[in-house]
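Chemist: Build me a model:
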Amino acid sequence: MTDRLGRLRHLAARAVLLGTGDGDSLQNINTNKLNDGAICYVVELAAYYQLDKASTSTPVGNVIVAPVAGPGRWFYFGSNADSELFAVVRLTTPVTSANLTQNTWVNTPAGAGGTYLLETPDAGLWTLDTATGLLTYNGRTGSWWEAQVSASISTQNAAINDFEMVPDTGPLVGLTTDDFHSQIDSSSAVVDDPHSMTASRPFQLTNAQAVRPIFRNVTGTDNFRVHRLTMFLTRLQ
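Modeler: Residues are numbered from 1 along each chain as shown. Below is the predicted model of the structure:
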């Protein structure tokens, strides 16, 4: 991380994040004079922010801040600029698919609110839909992340099925397109007899882009149940 951060311009720390008339606020800095990718530490929040001079994203609380003067947006960068950021999504209650089409990708099955749980020291970077498991990225466009998913799934019919899984940002849902990052495994012919799968892939995320695991039944239309699921995301750069 040192080499990456060494290429960016570090500004003197600011006492507070917001304040259009406060000379010691990050928001009050004129970004016209700054390099794209500049980083600044905000004391009141014990957090770093990074400037994206091309961004016109809608300001969001303490996560995305529009400067008083100059282009771009300040994005929450993390509580420690020298450490890797991470987020973990966990399934708390088993969920079951419905109305599958053979070989067609579907989103992770939804449940009631609270079915999925987010664990991260940097909650401002993410918004989790606790019913669907959809994890939305609130950070700066262009950051690279790796998503690794581990799940235990089973067939819901007394027949052997080939189930496939991969982390995705949405393009594959509803399609039959193959993805070389995916893992495919055969179930037993016993209902609710789970087997484990793991798949991972890197993403270059844009602000407001969402990530979640997707599945498909390669061999038929039998539904599957997800008994356990963990999606772990780490920032690469």
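Chemist: Show me the chain divided up by domain.
Modeler: With domains defined by automatic domain parsing, the chain comprises 1-83, 86-235.
Chemist: most tightly surrounded among those domains?
Modeler: domain 86-235 (a mean of 18; mean count of other C-beta atoms under 10 Å). From N, CA and C alone the C-beta is placed, and that goes for glycine too.
Chemist: so how far does that domain reach from one end to the other?
Modeler: 6 Å (C-alpha to C-alpha, to the nearest Å).
Chemist: pLDDT averaged over it - what is it?
Modeler: Domain 86-235 carries an average pLDDT of 94.
Chemist: same question, stretch 48-59
Modeler: Rounded mean pLDDT across stretch 48-59 is 91.
Chemist: Any chance you could list what contacts that stretch?
Modeler: 8, 17, 26, 31, 34-42, 64-66, 70-81, 140-142, 207-208 (C-beta atoms under 8 Å, 6 or more residues apart in numbering).
Chemist: With stretch 198-211 instead?
Modeler: When contacts are defined by C-beta under 8 Å, 6+ apart, stretch 198-211 is touched by residues 55, 57, 64, 75, 134-151, 165-170, 179, 181-183, 213, 231, 233, 236.
Chemist: go with 7 Å
Modeler: Stretch 198-211 has contacts (C-beta atoms under 7 Å, 6 or more residues apart in numbering) with 57, 134-150, 165-167, 169-170, 181-183, 233, 236.
Chemist: Quote the end-to-end distance of it.
Modeler: End to end - C-alpha to C-alpha - stretch 198-211 spans 16 Å.
Chemist: Just give me how far it sits from the chain centre.
Modeler: The chain centroid and the centroid of stretch 198-211 are separated by 6 Å under C-alpha atoms, centre = their mean, to the nearest Å.
Chemist: And stretch 190-198, by the same measure?
Modeler: Distance, centroid of stretch 190-198 to centroid of chain: 25 Å (C-alpha atoms, centre = their mean).
Chemist: Endpoint to endpoint, it covers what distance?
Modeler: 21 Å.
Chemist: Ok, stretch 60-79 next?
Modeler: Counting by C-alpha to C-alpha, you get 18 Å between the two ends of stretch 60-79.
Chemist: Repeat that for stretch 116-129.
Modeler: OK, stretch 116-129 end separation, C-alpha to C-alpha: 8 Å.
Chemist: now stretch 196-216
Modeler: Note: stretch 196-216 ends 15 Å apart using C-alpha to C-alpha.
Chemist: Which residue is the nearest non-sequential neighbour of residue 181?
Modeler: Among residues not flanking residue 181 along the chain, residue 201 sits closest, at 3.8 Å (C-beta to C-beta, 6 or more residues apart in numbering).
Chemist: Residue 10 reaches residue 35, doesn't it?
Modeler: No: contact status for residue 10 versus residue 35: not in contact, 10.6 Å apart, counting by C-beta atoms under 7 Å.
Chemist: sec struct for residue 56, please.
Modeler: Under DSSP: H, G, I helix; E, B strand; the rest coil, the three-state class of residue 56 is coil.
Chemist: and the gap between it and residue 141?
Modeler: 11 Å (C-beta to C-beta, to the nearest Å).
Chemist: Check residue 72 too.
Modeler: Applying C-beta to C-beta to residue 72 and residue 141 gives a distance of 11 Å.
Chemist: Also residue 129?
Modeler: Remark: distance between residue 129 and residue 141 (C-beta to C-beta) = 21 Å.
Chemist: again with residue 207
Modeler: Applying C-beta to C-beta, the value for residue 207 to residue 141 is 5 Å.
Chemist: what sits in contact with each of these two?
Modeler: Contacts common to residue 207 and residue 141, judged by C-beta under 7 Å, 6+ apart, are absent.
Chemist: gap between the residue nearest to residue 181 and residue 179?
Modeler: 8 Å.
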